[in-house]
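> heads up, no residue letters with this:
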């Protein structure tokens, strides 16, 4: 082995060892073959590594093999990213493999199938249900699940919780803030508490990903206002009454130096699998937004160190400007 090859091998070994510490991976997949692939129909999706047209999505039946390969490669925390996990025929197996005790949902399937589905979900070990809120008139510009369906889902859950206190679900309403509703945090908190009777409200910022509406993205100044209101509401409500949380897409403004330094794990402790490598479910490509930084081959993590470093530098510039990196990159704010 030449000196150059030896140095390259040592560099790759160090990088692989670093990645295989306490790392997380997001696996993007489509729950049903006849449905649009993950996030293609969800232009307002707030997940960091968003769907990109032209890539082959991993199907639900292939996800177990992907999760096992990633686990062997050292990714101890695994997140399932899809349009609706409960539509996957093997959703129970996927949750068990990923170690999930919560489900993200738009609420439609819960509203339609009602108590019997909630009983199945409880038997699968789920303790927390996270539902994207749609509260008129604050979310009218977003293409969300209809308000009456979301309300119906919460109503069914509250009915189940009342009848089954020993297996009651913790409910979380995810509220998307835009340039239209960024200053309505107090009213949104009140609606979540009174209409949904949710245990927790989590605010995130709208990110105009592929096919999104840039004008709906709140400005940095608007996000600062939202952040201040979220802090005020956190102080206003007793956590046992309504826990008010701030999602990372709100940005890094107003955070302490310690929190800013660990603000975004993407590209350092969090990666994403968004497509397959030559159709093989056990050799997925590893992505961060718009950048392929490596792959998992035969259970071994292989990353491009230069691409990863370049992304980290871009990410840091976004954080220094007060933005969530995904928000900044989607809006073309970071150069």
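Nice, thanks for sending it over. Model, not experiment: these values are computed from the prediction.
> now do the phi/psi pair for residue 126.
phi -70, psi 130 (degrees, to the nearest 10).
> tell me how far it lies from residue 260.
Distance of residue 126 to residue 260, given as CB to CB, to the nearest Å: 33 Å. (Glycine included, C-beta is placed from N, CA and C.)
> so for these two, which sits in the more crowded spot?
Neighbours per residue (other CB atoms under 10 Å) separate residue 126 from residue 260, with residue 126 holding more: 19 against 15.
> list the contacts for the more buried one?
Contact partners of residue 126, counting by CB atoms under 8 Å, 6 or more residues apart in numbering, are 95, 100, 101, 102, 103, 169.
> repeat that with 7 Å
101, 102, 103 (CB atoms under 7 Å, 6 or more residues apart in numbering).
> pop the domain breakdown of this structure in here.
Domain ranges of the chain: 21-30+38-55+67-81+255-335, 101-251, per automatic domain parsing.
> how about the strands in the stretch 201-335 of the chain?
243-246, 270-277, 280-288, 291-297, 300-303 (DSSP state E, counting those that start in this stretch).
> scratch that, the stretch 51-200 of the chain
58-59, 75-81, 102-105, 128-132, 170-177, 200-205.
> possible to save the ones you listed as a markdown table with distance to residue 223, mean pLDDT and mean neighbour count?
A markdown table is the format used below for the strands of the stretch 51-200 of the chain (distance: least, CB to CB, whole Å; pLDDT from 0 to 100; neighbours: other CB atoms under 10 Å):
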| stretch | distance to residue 223 | mean pLDDT | mean neighbour count |
| --- | --- | --- | --- |
| strand 58-59 | 33 | 74 | 20 |
| strand 75-81 | 24 | 75 | 19 |
| strand 102-105 | 23 | 90 | 19 |
| strand 128-132 | 19 | 95 | 21 |
| strand 170-177 | 8 | 96 | 23 |
| strand 200-205 | 6 | 94 | 22 |
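> residues touching the spatially closest residue to residue 247 that is not a sequence neighbour, list them.
For residue 247, ignoring the flanking residues on the chain, the nearest one in space by CB to CB, 6 or more residues apart in numbering is residue 204 at 3.6 Å. For residue 204, the contact set (CB under 7 Å, 6+ apart) comprises 46, 174, 176, 177, 247, 249, 250.
> make it 10 Å
Going by CB atoms under 10 Å, 6 or more residues apart in numbering, residue 204 touches 46-47, 132, 174-177, 245-250, 324, 327.
> output the below-cut-off pLDDT ranges for the stretch 51-200 of the chain.
Scanning the stretch 51-200 of the chain for pLDDT under 70 picks out the ranges 51-57.
> how about the helices in it?
Per DSSP state H, counting those that start in this stretch, the stretch 51-200 of the chain carries helices over the ranges 63-72, 91-98, 108-123, 147-163, 185-191.
> so can I have a markdown table of these showing mean neighbour count and distance to residue 141?
Formatted as a markdown table, the helices of the stretch 51-200 of the chain follow (neighbours: other CB atoms under 10 Å; distance: least, CB to CB, whole Å):
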| stretch | mean neighbour count | distance to residue 141 |
| --- | --- | --- |
| helix 63-72 | 19 | 33 |
| helix 91-98 | 18 | 31 |
| helix 108-123 | 16 | 20 |
| helix 147-163 | 18 | 13 |
| helix 185-191 | 19 | 15 |
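> okay if I get those as a markdown table plus distance to residue 268?
Conversion of the helices of the stretch 51-200 of the chain to a markdown table gives the following (distance: least, CB to CB, whole Å):
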| stretch | distance to residue 268 |
| --- | --- |
| helix 63-72 | 17 |
| helix 91-98 | 21 |
| helix 108-123 | 33 |
| helix 147-163 | 35 |
| helix 185-191 | 30 |
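> so which of those helices comes closest to residue 241?
Closest approach to residue 241 among the helices of the stretch 51-200 of the chain (CB to CB): helix 185-191, 10.4 Å.
> for the closest one, name the packing helices and strands.
Helix 185-191 makes packing contacts with strand 170-177, strand 200-205, helix 220-236, strand 243-246 when contacts are defined by 3 or more CB pairs under 10 Å, 6 or more residues apart in numbering; DSSP states H and E.
> give me that answer again for 7 Å
On a contact count with 3 or more CB pairs under 7 Å, 6 or more residues apart in numbering; DSSP states H and E, helix 185-191 meets helix 220-236.
> got the contact list for stretch 256-263?
Taking CB under 7 Å, 6+ apart as the rule, stretch 256-263 contacts 248, 252, 255, 319.
> same check on stretch 104-114?
Outside stretch 104-114, the residues touching it (CB under 7 Å, 6+ apart) are 84-87, 117-118, 129-132, 145, 149-150, 152-153, 156-157.
> circling back: are any of the contacts of stretch 256-263 buried, and which?
248, 252, 255, 319 (16 or more other CB atoms under 10 Å).
> tally up the residues packed near residue 325, please.
29.
> before we move on, what about residue 320?
Quick note: residue 320 (other CB under 10 Å) scores 11 neighbours.
> do you know how far it is from residue 312?
On the measure of CB to CB, residue 320 and residue 312 end up 13 Å apart.
> what does residue 195 give?
From residue 195 to residue 312 the distance is 42 Å (CB to CB).
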